[in-house]
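# Structure here, sequence nowhere to be found:
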């Protein structure tokens with residue numbers, strides 16, 4: 001797919017992987033709409049990178065509805081959803097509360113599903129579109145203290161496979177990206193835009209490159225799932 005003049009929605013696009021992906025989409029000629037819960041931060045980032053900001057908390061259906069109403073009114077179409085908004089929290093099984101698990105699932109599973117639903121409704125009318133789910137290597141293998149986060153990403157992987165099976169007949173590509181550790185502001189209570197880079201760790205740019213490369217494949221083919229590891233993170 002040629003990204004020039006395409007309309008892309010990037011949830012959680014005001015920092016980290018989402019921001020890097022929006023930058024690369026724009027560099028390739030696409031219009032990038034970025035969302036976030038902190039609208040001041042989203043507006044700031046959008047102004048710096050040339051994106052379109054929109055306030056959307058993916059746990060609130062009314063805000064998701066407003067987002068898609070805005071896209072239909074302003075652009076009349078959508079070509080790409082980067083389903084990136086996510087949160088994480090570590091906790092041993094003996095420490096977990098129902099509220100901890102529910103908070104993570106509200107964003108990583110229920111929010112991701114409702115955002116994808118809105119995109120799929122547009123894509124099915126158009127008979128084309130692309131959903132890129134940002135999962136994690138945590139969707140492939142659990143680890144200590146990962147019960148809530150890993151299981152939410154395992155759920156997203158299952159959803160991805162269901163959507164692939166449902167939507168291929170409508171020329172809709174559904175791609176899952178599994179980054180290993182990327183030092184970003186993900187889960188940062190100080191709400192920083194970025195964290196300092198580490199020479200041996202993945203950067204958001206490596207993930208953005210993977211996403212862009214996957215999208216640029218001719219529309220007759222698609223990559224169902226791709227995992228990205230740092231070469232030597234030790």
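That came through, no problem. This structure is a prediction, so every number in the text was calculated from the model and none was measured. Numbering: from 1, shown residues only.

# The residue in the chain sticking out farthest from the centre and residue 144, how far apart?
Farthest-out residue of the chain from its mean C-alpha position, per CA atoms, centre = their mean: residue 94, at 30.1 Å. In this view, residue 94 and residue 144 are 12 Å apart by CB to CB, to the nearest Å. In short, each C-beta sits where N, CA and C put it, glycine included.

# got it, and residue 63?
Distance from residue 63 to residue 144, by CB to CB: 35 Å.

# For these two, indicate the residue with more neighbours.
Ranked by neighbour count (other CB atoms under 10 Å), residue 63 and residue 144 place residue 63 first, with 15 against 8.

# list the contacts for that one?
Neighbouring residues of residue 63 by CB atoms under 8 Å, 6 or more residues apart in numbering: 55, 56, 57.

# you'd agree it is in a strand?
No. Applying DSSP: H, G, I helix; E, B strand; the rest coil, one finds residue 63 to be helix, outside a strand.

# picking that back up, quick one: buried ones out of the contacts of residue 63?
In these, burial by neighbour count holds for 56, 57, counting by 16 or more other CB atoms under 10 Å.

# so residue 119 sits in a strand?
No. Under three-state DSSP, residue 119 sits outside any strand and is assigned helix.

# That one reaches residue 81, doesn't it?
Yes. Proximity of residue 119 to residue 81 meets the contact threshold set by CB atoms under 8 Å, at 4.0 Å.

# Of the two, give the one with the bigger neighbour count.
More crowded of residue 119 and residue 81, by other CB under 10 Å: residue 81, with 26 against 22.

# Can you verify the more buried one is assigned to a strand?
Yes. Residue 81: assigned to a strand according to three-state DSSP.

# hang on, isn't it packed against residue 129?
Yes. Assessed by CB under 8 Å, residue 81 is found in contact with residue 129 at 7.5 Å.

# rewinding a little: find the residues that touch each one of residue 119 and residue 81.
What both residue 119 and residue 81 touch, as defined by CB under 8 Å, 6+ apart, is the set 9, 129, 131.

# Nearest to residue 35 among those?
Taking CB to CB as the measure, residue 35 lies nearest residue 9 of the shared contacts of residue 119 and residue 81, at 7.3 Å.

# how distant is the helix or strand where the closest one lies from the center of its chain?
Taking DSSP states H and E as the criterion, residue 9 maps to strand 7-10. Distance of strand 7-10 from the chain centroid (CA atoms, centre = their mean, to the nearest Å) equals 10 Å.

# Equivalent analysis for stretch 16-30, please.
On CA atoms, centre = their mean, the centre of stretch 16-30 falls 12 Å from the chain's centre.
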